[in-house]
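Asker: could you look at this predicted model? Sequence included:
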Amino acid sequence: MNKIIWLAFFLILIGCKSTYLPSYTGEVIEVKASELSDYWIKEPTKVKVQWGHSDSTPKGAGKGIFSIVIDSNGYEVAKELVSSTPSGWLTQKHLNKMSKVKYKASLSNTKKFPVKVQMTYEVKRYKLTKT
């Protein structure tokens, strides 16, 4: 009985340590956001409704630019902050908490080339006025 418990514990530890290793069929190609759909298409995901403020969302209005790398299997494997306005509005910590997106290869990307693309994240403040 004791051996079964130790075996189960060992298997749980191994399962917790597994990580995804990116796969690349060639050199990573840098593309513009407008060209991303020529290589990869975002797979539909369930919409998560969040009430209140999330840790992955910066407070107030601002704009951030970050780059992502999509490997040959369509997984987002790297997300790096490029800039933020105002400074510090969007941080690497915010990016790390954002959900990862899965992509599928477009019909023209039969070789599943990995890409690096700069994305923009913006939150605008709207002022309501009485009429």
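Answerer: Happy to help now that I have it.

Asker: what comes into contact with stretch 118-131?
Answerer: 32-33, 57-58, 60-68, 82, 90 (Cβ atoms under 8 Å, 6 or more residues apart in numbering). From N, CA and C alone the C-beta is placed, and that goes for glycine too.

Asker: is the residue nearest the centre of the chain in a helix, a strand, or coil?
Answerer: Against the mean C-alpha coordinate of the chain, by Cα atoms, centre = their mean, the closest residue is Lys100 at 3.3 Å. Classification of Lys100 by DSSP: H, G, I helix; E, B strand; the rest coil places it in coil.

Asker: list the residues that contact it.
Answerer: Lys100 neighbours (Cβ under 8 Å, 6+ apart): 75-76, 79.

Asker: cool, Leu90 as well?
Answerer: Contacts for Leu90 (Cβ under 8 Å, 6+ apart) come out as 58, 62-64, 66, 81, 84, 121.

Asker: out of those, which is nearest to Val115?
Answerer: Phe66 (14.4 Å; Cβ to Cβ).

Asker: so in terms of bridging, what pairs with that closest one?
Answerer: Leu81, Met119 (DSSP bridges).

Asker: next, the contact list for it, please.
Answerer: Going by Cβ under 8 Å, 6+ apart, Phe66 touches 79-82, 90, 95, 118-119, 121.
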